[in-house]
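K.L.:
Any chance you could fold what I've pasted below:
(2 chains)
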Amino acid sequence: MKDFFTKKKKYATVPSAKARQDVPEGIVRKCPKCKKIMYVKELKKNLFVCQSCGYHYPIGARDRAEMLFDQGSYVEFDKDMVSLNPLQFPNYMNKLESDRKKTNLNEAVWTGKGLIEGFDCAVAIMDKGFRMGSMGSVVGEKITRMIEYANKNGIPVLIFSASGGARMQEGVLSLMQMAKTSAALKEFSENGGLYISIMTHPTTGGVSASFASLGDYNFAEPGALIGFAGRRIIEQTIGEELPEDFQTAEFLLNHGQLDQVVSRSELRTVLGRVLSIHAEGGAAGWDQN
Amino acid sequence: MGPELDFEKPILELKGKISELKQFMDEKGIDLSDELNSLQERLAALEKETYGSMTPWERVRVARKLNRPTTLDYIPLLFTDFVECHGDRLYGDDPAIVGGIAKFHGHPVTVIGEQRGRDTKENIKRNFGSPHPEGYRKALRLMKQADKFHRPIITFIDTKGAFPGKAAEERGQSEAIARNLYEMSWLSVPVICVVIGEGASGGALAIGVGNQILMLENSWYSVISPEGAAALLWKDAGKAEEAAKTMKITGSDLKKLGIIDKLIPEVLGGAHHDPKKQADLIDHALIESLTELSQLSADQVREQRLAKYRAIGNYDTVQENLTNHSIFSYSSDRQ
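P.N.:
All right, here's what the predicted structure looks like:
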């Protein structure tokens, strides 16, 4: 009789740490901030923002385009452009190829044009899934061509940044893309062009130190990491721990670097207002009335 | 002279032998000038061989020599009537960037350069040549002043990078660098940038958007330091020597890539062996560049600079994807 009882389960099954964390991808997602589990379908409907704590999930360029533009109003530019590995950097081409498959993008930025609240805009959207959104020759060229398109057609430019900075594997050519994109924006600005920069998580290094910081209006998504140098490097340099909110969008707002921190759900409304204020050439019109 | 580097040791040993021999001759009054001459010939050949075939990593180490001439060493050798101008008029004065007005062969110019220290004490004052935002904003103020008074701008690049610090971030390091790239691209006066030592990343580029980029033979310029590249790419900062080669950071590599316009030769062994002679070599290159650029009108100066940066990039369009080719692609209508 004794055996009969002990034969029954000796231990209760406790799921392993790994199994507990492994919420099935694709059906539900667990918020990294408040740990709330949400259905992906619902999350998507909520623009990939956690319903309980407002955490903004990083999103890919194609998802961003889909939620940004007026329905079905956009086209893509230069989707067949690829890097030529100027430094003959070992393994670089393989890495690009695997990221192309992973993101369904030819490079770390999507460029195109479309309508936002009825206004025609030229847009670049970076994707951190592709080589950490780093800027090499192709990213610099695609963004520059997009700005030139806007310049030629007299429409505003919007750039959504998401990048770890300049791409190491293209060396100094990556560095020079900072100058190339900034120069294109300057020329566009001299022609009266409107440029709105939207910094998303993360916007750092060479991207932060070029086009991302040069908007006529600089916006950022809540909680986005934005800065020039990496947190760890700064901590090593100054030998002290940094405050938790250091280099967040909110920190930048407090230090005068941003016009507003705008949540994803408010973004189209805010952009619509800015675009409509600029639609007739800004202040023009008073003397006509 | 600063500490010799390992690859220079045979030269140092030979120099030691020569001085011993000289001393011996003086003391004993014996004429050994044949031996002396042959040793001196050997030294000349060895120096030529060693310094003539330096690896990228050896050049990086020469570029970092504490006794290598800095911006403030070159200014009195190249210019007259230098008046230093301090401050960004917004926050403060950054000693890691110096600037001012001067005359170059009698013509007014604006001079700006990154300034590291020549010893530890000076390095602390100069923050090891790593500027804060106020340094870049001071540089921009002086460049706009140069634009107003129609005088050419000469910048000297020598930095391990813009300073990665808390205060620098709070005051907008990114914005300061970005603003300089943006504004420098549009200046209507000639801008000549000379990399005299280290040229690391955005911190170098922030005073480096010029009509012509010149580089000393033993200087380097890249998106990141060799150590940084090795740490990021291979998780091993010890592979800096390999990174120095792979990243193509020397003047001759960058000349081949079409990024820089002129490679300025250095005196044998490096600029620190004879700063005066090195200044003459820089002087010669600057005269040449300024003469070339003086042929251009203000509009042409701007257009040349814009075109120069517009053309930098290495990419192609994939043939098999042509069915998806966007109608907005410009590839056909730009040459």
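
K.L.:
what residues does the helix or strand hosting residue B:136 touch?
P.N.:
Per DSSP states H and E, residue B:136 falls inside helix B:133-148. Contacts to helix B:133-148, defined as C-beta atoms under 8 Å, 6 or more residues apart in numbering or on different chains, come from residues B:85-94, B:96-97, B:99-100, B:109-110, B:112, B:114, B:152-153, B:155, B:162, B:168, B:171-173, B:175-177, B:179-180, B:183-184, B:187-189, B:191, B:206-207. The way it works is simple: take the backbone N, C-alpha and C, and place the C-beta from them, glycine included.

K.L.:
Could you tell me which of those residues belong to helices?
P.N.:
Per DSSP state H, helices hold the following members of those: B:168, B:173, B:175, B:176, B:177, B:179, B:180, B:183, B:184.

K.L.:
following the lengthiest strand in chain A, which helix or strand shows up next?
P.N.:
Counting residues, the longest strand found in chain A (DSSP state E) is strand A:195-204. For strand A:195-204, the following helix or strand on the C-terminal side (DSSP H and E) is helix A:205-208.

K.L.:
how about stretch A:205-214 against chain B, any contact?
P.N.:
Yes - judged by C-beta under 8 Å from any C-beta of the partner chain, stretch A:205-214 and chain B are in contact via A:205, A:206, A:208, A:209, A:210, A:211, A:212, A:213, A:214.

K.L.:
How about the contacts made by the fourth one?
P.N.:
Think residue A:209. Contacts for residue A:209 (C-beta under 8 Å, 6+ apart) come out as A:178, A:228, B:162, B:173, B:174, B:177, B:178, B:202, B:206.

K.L.:
Rebuild the residues you listed as CSV, extending it with distance to residue B:257 and neighbour count.
P.N.:
Formatted as CSV, the contacts of residue A:209 follow (distance: C-beta to C-beta, whole Å; neighbours: other C-beta atoms under 10 Å in any protein chain shown):
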residue, distance to residue B:257, neighbour count
A:178, 16, 29
A:228, 25, 32
B:162, 23, 29
B:173, 27, 29
B:174, 26, 30
B:177, 22, 29
B:178, 24, 29
B:202, 19, 32
B:206, 21, 31
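
K.L.:
which one among these gets closest to residue A:116?
P.N.:
Of all those, residue B:178 has the smallest distance to residue A:116: 24.2 Å, by C-beta to C-beta.

K.L.:
Hmm, the closest one is touching residue A:211, no?
P.N.:
Yes - Residue B:178 is in contact with residue A:211 according to C-beta atoms under 8 Å; the separation is 7.2 Å.

K.L.:
Give the residues shared as contacts by those two.
P.N.:
Both residue B:178 and residue A:211 are in contact with A:178, A:182, where contact means C-beta under 8 Å, 6+ apart.

K.L.:
Any buried residues in the helix or strand in which residue B:48 is found, and which?
P.N.:
If you go by DSSP H and E, residue B:48 is part of helix B:33-52. Within helix B:33-52, the residues that qualify as buried are B:36, B:39, B:43, B:46, B:47, B:50, B:51, counting by 16 or more other C-beta atoms under 10 Å in any protein chain shown.

K.L.:
Got the confidence number for the second one?
P.N.:
Right, the one you point to is residue B:39. Confidence at residue B:39, expressed as pLDDT, is 92.

K.L.:
shaky segments in the stretch 1-150 of chain B?
P.N.:
By pLDDT under 70, the weakly predicted segments of the stretch 1-150 of chain B are B:1-3.

K.L.:
quick one, strands of it?
P.N.:
With strands called from DSSP state E, counting those that start in this stretch, the stretch 1-150 of chain B shows them at B:80-84, B:97-104, B:107-114.

K.L.:
now those strands in CSV, with distance to chain A and mean neighbour count?
P.N.:
As requested, the strands of the stretch 1-150 of chain B are exported to CSV (distance: least, C-beta to the nearest C-beta, whole Å; neighbours: other C-beta atoms under 10 Å in any protein chain shown):
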stretch, distance to chain A, mean neighbour count
strand B:80-84, 27, 12
strand B:97-104, 16, 22
strand B:107-114, 16, 23
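
K.L.:
Which of those strands sits closest to residue A:122?
P.N.:
Closest to residue A:122 of those is strand B:107-114 (C-beta to C-beta; 34.5 Å).

K.L.:
Show me what that closest one packs onto, helices and strands only.
P.N.:
Under the contact criterion of 3 or more C-beta pairs under 8 Å, 6 or more residues apart in numbering or on different chains; DSSP states H and E, strand B:107-114 touches helix B:71-78, strand B:97-104, helix B:133-148, strand B:153-159.

K.L.:
at 6 Å instead, please
P.N.:
If contacts are counted by 3 or more C-beta pairs under 6 Å, 6 or more residues apart in numbering or on different chains; DSSP states H and E, strand B:107-114 sits against strand B:97-104, helix B:133-148, strand B:153-159.

K.L.:
Which strands border it, and is each parallel or antiparallel?
P.N.:
Here strand B:107-114 has these sheet partners by DSSP bridges: strand B:97-104 (antiparallel), strand B:153-159 (parallel).

K.L.:
Next, the angle from it to helix B:71-78.
P.N.:
Interaxial angle, strand B:107-114 versus helix B:71-78 (axes from the mean of the first three to the mean of the last three C-alpha atoms, to 10 degrees): 160 degrees.

K.L.:
Next, the angle helix B:133-148 makes with strand B:107-114.
P.N.:
170 degrees.

K.L.:
Output stretch A:126-146 in PDB with nothing but the alpha carbons.
P.N.:
C-alpha atoms of stretch A:126-146 as PDB (Å, rounded to 0.1, in the frame of the first residue of the first chain):
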ATOM      1  CA  MET A 126      15.300  53.400 -40.200                       C
ATOM      2  CA  ASP A 127      15.100  49.800 -39.100                       C
ATOM      3  CA  LYS A 128      17.200  48.700 -36.100                       C
ATOM      4  CA  GLY A 129      16.800  45.100 -37.200                       C
ATOM      5  CA  PHE A 130      19.200  45.600 -40.100                       C
ATOM      6  CA  ARG A 131      22.800  45.900 -38.800                       C
ATOM      7  CA  MET A 132      21.500  47.800 -35.700                       C
ATOM      8  CA  GLY A 133      20.200  50.500 -38.100                       C
ATOM      9  CA  SER A 134      23.700  51.600 -38.800                       C
ATOM     10  CA  MET A 135      24.500  54.100 -41.600                       C
ATOM     11  CA  GLY A 136      26.800  53.100 -44.400                       C
ATOM     12  CA  SER A 137      26.900  54.200 -48.000                       C
ATOM     13  CA  VAL A 138      23.400  52.900 -48.900                       C
ATOM     14  CA  VAL A 139      21.700  54.400 -46.000                       C
ATOM     15  CA  GLY A 140      23.400  57.800 -46.600                       C
ATOM     16  CA  GLU A 141      22.600  57.600 -50.300                       C
ATOM     17  CA  LYS A 142      18.900  56.600 -49.900                       C
ATOM     18  CA  ILE A 143      18.300  59.400 -47.400                       C
ATOM     19  CA  THR A 144      20.100  61.900 -49.500                       C
ATOM     20  CA  ARG A 145      18.000  60.900 -52.600                       C
ATOM     21  CA  MET A 146      14.800  61.100 -50.600                       C
END
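
K.L.:
Contact residues of the stretch 51-200 of chain A facing chain B?
P.N.:
Within the stretch 51-200 of chain A, the positions adjacent to chain B are A:76-84, A:86-87, A:137-138, A:140-141, A:145, A:166, A:168, A:171-176, A:178-180, A:182-183, A:186 by C-beta under 6 Å from any C-beta of the partner chain.

K.L.:
What ranges does the stretch 101-250 of chain A have for its strands?
P.N.:
Here the stretch 101-250 of chain A has its strands, by DSSP E, counting those that start in this stretch, at A:109-116, A:119-126, A:157-163, A:195-204, A:217-220, A:226-227.

K.L.:
in its sheet, what does the shortest one sit against?
P.N.:
Applying DSSP bridges, strand A:226-227 is found paired with strand A:195-204 (parallel).

K.L.:
tell me the angle the strand it pairs with makes with strand A:157-163.
P.N.:
Angle of strand A:195-204 versus strand A:157-163, following the same axes, to 10 degrees, is 0 degrees.
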